[in-house]
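A.B. asks: I would like to see how this sequence folds:
(one chain, ligands or ions: 2)
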Amino acid sequence: MKLLTAARMRELDRQAIEDLGIPGVVLMENAGRGAAERLARCYAEFFPGPVLILAGKGNNGGDGYVIARHLLNWGWQVQTLVLAEPSAIVGDASVNLDILTRMGGQVAFVPDEHRLLTALDELGATRLVVDALFGTGLCAPVRGHYGRAIDWINACGRPVVAVDIPSGVDATHGSLLGKAVRADLTLTFAAPKLGQALYPGWAQVGTLEVLDIGIPATLLAACEEDFRLVTAAEVGPLLPARPATGHKGTFGHLLVVAGSRGKTGAAALAAEGGLRMGAGLVTLGCPLSVQPAMAIKLTEVMTASLAEVDGALALAAGEALRDLWRDKEALAVGPGLGTSEETTELVRKLVRECPLPMVIDADGLNALGPYPSFLRDIPDLQAVLTPHPGEMSRLTGTSVADIEADRVGAARRFALDYRVTLVLKGARTIVALPDGRVRITAGGNPGMASGGMGDALTGIIGGLLAQGLTVESAAVLGVYLHALAGDRLAVRQGNSGLFASDLLRELPAARAALAAGEIEDRLC
Ligand SMILES: NC(=O)C1=CN([C@@H]2O[C@H](COP(=O)(O)OP(=O)(O)OC[C@H]3O[C@@H](n4cnc5c(N)ncnc54)[C@H](O)[C@@H]3O)[C@@H](O)[C@H]2O)[C@@H](O)CC1
Ligand SMILES: [K+]
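C.D. replies: Ligands and ions are numbered 1, 2, ... in the order given. Purely as a prediction, here's the structure:
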């Protein structure tokens with residue numbers, strides 16, 4: 001599902017109005033009427049109100065006046081507070097404000113804190129609040145009486161319906177510009193906004209519904225799809241086929257290079273992840289001294305001993321790895337390898353020389369960074385990198401705080417710069433593709449914040465690569481299935497104390513449900 005930035009939404013509005021000649025006031029009418037209808041239906045038990053509409057000076061406020069008009073027409077009691085002087089309301093918003101006033105709608109202008117607070121004090125009982133303060137045009141931190149209005153909304157204890165986006169949420173970045181409304185229902189127009197799919201904005205949105213406001217579908221379809229929220233309908237078709245005549249050779253052989261003394265669990269989870277994802281065969285290459293333990297730990301996975309120094313892979317393992325990758329379809333490298341000098345050098349050599357599509361994680365990433373410019377010199381590199389914010393920080397030399405402040409930007413810049421597929425893990429995992437497109441997954445839960453979940457994801461993506469998916473598809477589908485399995489587990493077990501190995505056990509059923517078309521996506 002497409003996610004629009006504020007700039008893209010403005011451009012769509014411009015095209016509809018200027019290129020196609022749809023008057024802006026018609027779009028505003030469609031937006032306001034659609035919102036009024038949804039609101040009246042969703043909150044029918046609160047009829048006849050009163051409803052309080054808080055309107056800003058821009059077109060979001062304009063939508064608020066249209067909502068007020070229709071609710072009045074349908075017998076609701078409506079009070080509208082405009083947080084600006086009458087002269088500040090212009091254009092389509094002014095047209096609708098005039099109509100509302102002439103119809104006898106109760107409208108008060110509260111352009112400063114004193115008048116706002118007085119009006120709120122004098123307000124009778126309100127049963128429902130409509131936030132029409134700011135939409136996609138918010139461009140600076142919220143201050144003054146706007147901030148007081150947002151505080152009041154958040155403390156009012158009444159259901160809050162946000163028009164287009166909760167005021168204070170940046171429609172593009174999902175950041176909170178000073179203060180932000182916490183809505184129960186957000187009625188957004190034409191398509192969800194990118195900022196509604198990202199934290200912390202996501203948490204302010206409540207239930208998200210998308211209303212058609214008459215922007216032609218052809219315009220929406222033609223607008224470039226830089227950002228998408230991944231849906232079951234989109235990833236279902238990416239699932240590798242499972243022909244009835246298939247055998248283990250049909251479904252690919254994954255080579256996992258992982259583990260060191262004391263870090264055997266990470267290697268086991270990555271290897272089992274590959275098998276649970278449906279790879280026909282998985283071989284784990286690990287240091288000589290840990291191989292016996294791995295062989296006991298892993299029943300279905302084959303193991304290979306590699307040269308080591310002090311329990312971690314040695315540079316001398318390179319020759320054996322060359323033999324190992326020869327008959328494989330994909331490589332997963334990194335979990336539990338450690339960061340010794342020889343292992344680091346080996347990983348860099350492996351990434352440079354191994355011709356297989358690969359997923360690189362954990363210590364594999366630590367071995368690359370910072371600024372792994374050598375990646376650009378590898379011809380036909382097909383790689384998925386799966387850092388968490390700490391690993392991303394080491395890869396980019398940027399602080400974790402800066403990465404978290406702009407997760408989409410950080411992932412996108414890296415993917416474009418190094419021509420890899422970058423999976424930035426965390427709440428709302430971001431998949432950035434080498435051409436700059438970005439995919440965001442809505443699933444996942446706090447139960448997945450536990451050791452080993454990342455190793456499981458590495459195995460899942462590796463398993464998909466082994467079955468022939470492209471790096472882009474393996475990353476998008478792998479992240480989706482990982483989150484889906486985690487969410488199914490959380491439904492049964494709650495969202496704490498979840499084990500990555502439990503998630504892997506859930507994976508085949510999650511995959512089957514996706515294949516059967518049984519998954520209903522949640523927007524928020
Ligand atoms: N034709 C269109 O463009 C349509 C727009 N629609 C609505 O219009 C909204 C966008 O409208 P606008 O672009 O007018 O902008 P908004 O109504 O979102 O608000 C921005 C207004 O507030 C001011 N402002 C921005 N940041 C501020 C701050 N921190 N403190 C105080 N004032 C601030 C701006 O100068 C501008 O006047 C959409 O979200 C949607 O609700 C809909 O009516 C559908 C059609
Ligand atoms: K709003």
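
A.B. asks: Now tell me which helix or strand of the protein has the poorest mean pLDDT.
C.D. replies: Counting by mean pLDDT, DSSP states H and E, the weakest-scoring helix or strand in the chain turns out to be helix 217-222, with a mean of 92.

A.B. asks: how about low-confidence regions in this structure?
C.D. replies: 523-524 (pLDDT under 70).

A.B. asks: okay, now the domains of it?
C.D. replies: As given by automatic domain parsing, the domain ranges for the chain are 6-223, 252-515.

A.B. asks: Which of these has the highest mean neighbour count?
C.D. replies: domain 252-515 (a mean of 21; mean count of other CB atoms under 10 Å). Bear in mind the C-beta positions are built from the backbone N, C-alpha and C, glycine included.

A.B. asks: what about the least confident helix or strand of the chain and ligand 1, touching?
C.D. replies: No: on the criterion CB under 6 Å from any ligand atom, helix 217-222 is out of touch with ligand 1, staying 12.7 Å away.

A.B. asks: okay, the helix or strand containing G459 in CSV with CA atoms only?
C.D. replies: Assignment of secondary structure by DSSP states H and E places G459 within helix 453-466. Only the C-alpha atoms of helix 453-466 are listed here, as CSV (Å, rounded to 0.1, in the frame of the first residue of the first chain):
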residue,chain,number,x,y,z
MET,A,453,15.2,-12.9,17.1
GLY,A,454,17.7,-11.2,14.7
ASP,A,455,19.6,-14.5,14.1
ALA,A,456,16.2,-16.2,13.3
LEU,A,457,15.5,-13.4,10.7
THR,A,458,18.9,-14.0,9.1
GLY,A,459,18.1,-17.6,8.7
ILE,A,460,14.7,-16.8,7.3
ILE,A,461,16.1,-14.4,4.7
GLY,A,462,18.8,-16.9,3.9
GLY,A,463,16.2,-19.7,3.4
LEU,A,464,14.3,-17.6,1.0
LEU,A,465,17.5,-16.7,-1.0
ALA,A,466,18.3,-20.4,-1.2
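
A.B. asks: need the next SSE after that helix, C-terminal direction.
C.D. replies: Toward the C-terminus from helix 453-466 - assigned by DSSP H and E - lies helix 471-493.

A.B. asks: same for whichever helix or strand comes after that following helix, what does it pack against?
C.D. replies: Using DSSP H and E, the helix or strand that directly follows helix 471-493 along the chain is helix 500-515. Judged by 3 or more CB pairs under 8 Å, 6 or more residues apart in numbering; DSSP states H and E, helix 500-515 is in contact with helix 264-276, helix 453-466, helix 471-493.

A.B. asks: Just the angle for helix 500-515 relative to helix 453-466, thanks.
C.D. replies: For helix 500-515 against helix 453-466, the angle by axes from the mean of the first three to the mean of the last three CA atoms, to 10 degrees is 40 degrees.

A.B. asks: Now render the helices and strands packed on helix 500-515 as TSV, adding distance to V51.
C.D. replies: Compiled in TSV, the helices and strands packed on helix 500-515 are given as follows (distance: least, CB to CB, whole Å):
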stretch	distance to V51
helix 264-276	51
helix 453-466	44
helix 471-493	35
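
A.B. asks: Show me where the stretch 151-300 of the chain has its strands.
C.D. replies: For the stretch 151-300 of the chain, the strands defined by DSSP state E, counting those that start in this stretch occupy 160-163, 185-189, 207-211, 227-229, 253-257, 281-287.

A.B. asks: Ligand 2: which of these is closest?
C.D. replies: strand 160-163 (4.5 Å; CB to the ion).

A.B. asks: Dihedrals phi and psi, the closest residue to ligand 2 within the stretch 1-150 of the chain?
C.D. replies: Proximity of the stretch 1-150 of the chain to ligand 2 (CB to the ion) peaks at D131, 4.6 Å away. Main-chain dihedrals, D131, degrees, to the nearest 10: phi -100, psi 100.

A.B. asks: isn't L356 right up against L254?
C.D. replies: No: the criterion here is CB atoms under 8 Å, and L356 misses it with L254 at 9.3 Å.

A.B. asks: joint contacts of those two?
C.D. replies: Shared contacts of L356 and L254, defined by CB atoms under 8 Å, 6 or more residues apart in numbering, comprise 328-331, 465.

A.B. asks: What is the nearest of those residues to ligand 2?
C.D. replies: L465 (43.0 Å).

A.B. asks: Indicate which one of the strands of the stretch 151-300 of the chain is closest to K425.
C.D. replies: Ranking the strands of the stretch 151-300 of the chain by proximity to K425 (CB to CB) places strand 227-229 first, at 17.1 Å.

A.B. asks: Just list what that closest one packs against, helices and strands only.
C.D. replies: The contact analysis (3+ CB pairs under 8 Å, 6+ apart) places strand 227-229 against strand 438-440.

A.B. asks: circling back to that earlier point, now for the helices and strands packed on helix 500-515, which one comes closest to F47?
C.D. replies: helix 471-493 (34.7 Å).

A.B. asks: That closest one: how far from the chain's middle?
C.D. replies: 13 Å (CA atoms, centre = their mean, to the nearest Å).

A.B. asks: Now do it and helix 500-515, the angle between them.
C.D. replies: Using the same axes, to 10 degrees: helix 471-493 against helix 500-515 is 110 degrees.

A.B. asks: which ones are touching the most centrally placed residue in the chain?
C.D. replies: Most central in the chain under CA atoms, centre = their mean is I440, positioned 3.2 Å from the mean C-alpha point. By CB under 8 Å, 6+ apart, the contact list for I440 reads 3, 197-198, 227-230, 408, 428-431.

A.B. asks: so can I have JSON lines of the strands of the stretch 151-300 of the chain showing distance to ligand 2?
C.D. replies: Listed next are these as JSON lines, based on distance: least, CB to the ion, whole Å:
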{"stretch": "strand 160-163", "distance to ligand 2": "5"}
{"stretch": "strand 185-189", "distance to ligand 2": "8"}
{"stretch": "strand 207-211", "distance to ligand 2": "13"}
{"stretch": "strand 227-229", "distance to ligand 2": "20"}
{"stretch": "strand 253-257", "distance to ligand 2": "48"}
{"stretch": "strand 281-287", "distance to ligand 2": "50"}
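
A.B. asks: got those strands as a markdown table, with distance to G91 columns?
C.D. replies: Output for these, formatted as a markdown table (distance: least, CB to CB, whole Å):
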| stretch | distance to G91 |
| --- | --- |
| strand 160-163 | 17 |
| strand 185-189 | 17 |
| strand 207-211 | 21 |
| strand 227-229 | 29 |
| strand 253-257 | 59 |
| strand 281-287 | 62 |
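
A.B. asks: strand partners of the strand or helix carrying A304, parallel vs antiparallel please.
C.D. replies: Assessed by DSSP H and E, A304 sits inside strand 302-306. Here strand 302-306 is paired, per DSSP bridges, with strand 281-287 (parallel).

A.B. asks: Tabulate the CA atom coordinates of the strand it pairs with in CSV.
C.D. replies: Output in CSV follows, covering the C-alpha atoms of strand 281-287 (Å, rounded to 0.1, in the frame of the first residue of the first chain):
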residue,chain,number,x,y,z
LEU,A,281,19.2,-28.3,3.0
VAL,A,282,21.3,-26.2,5.4
THR,A,283,25.0,-26.6,6.1
LEU,A,284,26.5,-24.7,9.0
GLY,A,285,30.2,-23.8,8.8
CYS,A,286,31.6,-23.1,12.3
PRO,A,287,34.9,-23.2,14.2
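
A.B. asks: Spell out which residues of the protein are next to ligand 1.
C.D. replies: Proximity of the chain to ligand 1, by CB under 6 Å from any ligand atom, involves residues 13, 17, 24, 27-28, 31, 56-63, 134-142, 146, 163-164, 189, 213.

A.B. asks: Cheers, nothing more for now.
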